[in-house]
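Colleague: Here is a sequence with its predicted model. Questions after.
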Amino acid sequence: MRIVFASPDRETWVGRHIVSLVRSLRESGAELLEIHLQDGDLSEKVQQIQEFSPHFYVDINGTGSIVGLQDDKKVPLCDLLGFVHVSFFLDEPLVYFPPLLDLKNANNFLPIVTDLKYADTLRFLGVERFPTYMTPFVDSSSFPPPKEDRDIDLLFLGPVIDPSLIASEISQSYPEEFLPIFYEVGEFLFRNPEAHILFAHDYILSMFTPELQEKYTLWRSEKPEEALRFLNQILVYATQRKRWYILSFLEGVDLKVVGLVEGELPEGHTQIETTSWDVFLDVLGRSRMAIAVFPHSVPTGIGFTPLEIGMMGCAPVLDYRSTLPGFLVPGEEVITYYPMDRADIEEKVLYYLDHPEEAEEIGQRARKKVLEAFGMERRAEFLRDMFSSILEQAQNQSR
């Protein structure tokens, strides 16, 4: 079995788990050629791929897509050379729409999603092939042991951006008559955290006047890529609206915000810049609790970040969603709050700040659950078996 892996930028954090997963296939006898499309000449990379003659080509979020020409038409390289292009979608596919516009008609494209709602987005973008689902996981070998002494009580994981800054930028980037659609869809997502962007968009759009709907539909048909970026900006706005809302009424609480901050933080909040994966893990390992607000680009699943928090023995503090108990047990392996309930969030945060030993026990149980249920080994076995089955079917058909 020969596999080409279009490896992401070496500093990609979540992608590290997929890098480890794909590399682990070597242990079962697979030949692996790892390439970095961002380095060097693309034609040389294509030649490398041709000479290697892979059965599978793997990338993350479709970012390794390569297109060639056949009879003056764009054709994905996987169809030109006859290999299976496998893309792991770790984030909302809408964010990575440009390569998907080239891959949507590919015969040999196999998407693997880590959130079931991503299937809806792929279908919306024209990808007819039904995706395979894989639960998020972590490569436990890439984590240092948790620290015994923790000197940080409470983290808040970013990025955090004042939504008014996003609104100001949007007002200068899109037609003024469509801005009410932007804000109303964003507010609907903010108040309905489990809603998906496509449902929210269509539902809210139906409430506007027929005249505006007609203008908007025409704009989308004339400028489809700009319209997709418009949807992506709504996702960003709604996520940051939710995060800033929670930060604003935790004013006065000694809270460390990890990562990018744009805007003036409330009193009592300070920023910790994490310049590398190792620094990020060190901060988690020193902390008792970490608030992680689900981004709207992770609409129904668990994502990777809560598992990374738990892996470091830090208690995840997450906004409750109906699917969460299928991953982590509220009150035992995760602290939950209702994102629109200010009193609930304040009560949970203040209680566990006053009872740090209980927070540490939840962190220990979260780590145990991640090690037992969300390790890389099962996913590697699943991927290996799937590739073997596809290869066997192809060999049988060629006889």
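Modeller: The structure has been received and is ready for your questions. The structure presented is a predicted model; accordingly, all values stated were derived computationally and were not measured.
Colleague: Pull the residues that contact stretch 59-70.
Modeller: 5-6, 8, 12, 15, 18, 37, 42, 45-46, 49, 57-58, 74-77, 80, 85-91, 93, 95-96, 99-100, 102-103, 111 (Cβ atoms under 8 Å, 6 or more residues apart in numbering). All C-beta spots, glycine's among them, are computed from the backbone N, C-alpha and C.
Colleague: Outline the domain layout of this protein.
Modeller: Taking automatic domain parsing as the reference, the chain has its domains at 2-139+376-398, 142-373.
Colleague: could these go into CSV alongside mean pLDDT?
Modeller: Converted to CSV, the domains of the chain look like this (pLDDT from 0 to 100):
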stretch, mean pLDDT
domain 2-139+376-398, 92
domain 142-373, 95
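Colleague: Same list (those domains) but as JSON lines, adding mean neighbour count.
Modeller: JSON lines is the format used below for those (neighbours: other Cβ atoms under 10 Å):
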{"stretch": "domain 2-139+376-398", "mean neighbour count": "17"}
{"stretch": "domain 142-373", "mean neighbour count": "18"}
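Colleague: I'd like to know which of the contacts of stretch 59-70 are part of strands.
Modeller: Judged by DSSP state E, those include 5-6, 57-58, 74-76, 85-89, 111 as members of strands.
Colleague: Check this structure for its longest helix and report it.
Modeller: In the chain, with assignment by DSSP state H, the single longest helix is helix 224-248.
Colleague: Tell me which other helices or strands that one touches.
Modeller: Secondary structure elements in contact with helix 224-248, counted by 3 or more Cβ pairs under 8 Å, 6 or more residues apart in numbering; DSSP states H and E, are helix 97-103, strand 152-157, strand 160-161, helix 163-171, helix 179-191, helix 197-205, helix 210-222.
Colleague: now could you export just the CA positions of the last one as PDB?
Modeller: As requested, the backbone C-alpha atoms of helix 210-222 are provided in PDB (Å, rounded to 0.1, in the frame of the first residue of the first chain):
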ATOM      1  CA  PRO A 210     -39.100  39.000  -1.400                       C
ATOM      2  CA  GLU A 211     -37.400  41.900  -3.100                       C
ATOM      3  CA  LEU A 212     -34.300  41.600  -0.800                       C
ATOM      4  CA  GLN A 213     -34.300  37.800  -1.200                       C
ATOM      5  CA  GLU A 214     -34.300  38.200  -5.000                       C
ATOM      6  CA  LYS A 215     -31.400  40.700  -4.900                       C
ATOM      7  CA  TYR A 216     -29.400  38.500  -2.500                       C
ATOM      8  CA  THR A 217     -30.000  35.400  -4.500                       C
ATOM      9  CA  LEU A 218     -28.800  37.200  -7.700                       C
ATOM     10  CA  TRP A 219     -25.700  38.400  -5.900                       C
ATOM     11  CA  ARG A 220     -24.900  34.900  -4.700                       C
ATOM     12  CA  SER A 221     -25.200  33.500  -8.200                       C
ATOM     13  CA  GLU A 222     -23.000  36.200  -9.700                       C
END
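Colleague: same for it, what does it pack against?
Modeller: Counting by 3+ Cβ pairs under 8 Å, 6+ apart, the elements that helix 210-222 packs against turn out to be helix 224-248.
Colleague: Same question for the second one.
Modeller: Here strand 152-157 is seen to pack against helix 224-248, strand 255-258, helix 277-285, strand 287-292, helix 342-354 when contacts are counted using 3+ Cβ pairs under 8 Å, 6+ apart.
Colleague: which residues touch that strand?
Modeller: Contacts of strand 152-157 from elsewhere in the structure, counted by Cβ under 8 Å, 6+ apart, are 243, 246-247, 250, 253-259, 269, 272, 283-284, 286-293, 305, 309, 314, 349, 353, 356.
Colleague: contacting residues around the residue most central in space within the chain?
Modeller: In the chain, the residue lying closest to the centroid (Cα atoms, centre = their mean) is D91, at 2.8 Å. With contacts defined as Cβ under 8 Å, 6+ apart, the neighbours of D91 are 14, 61, 297-298.
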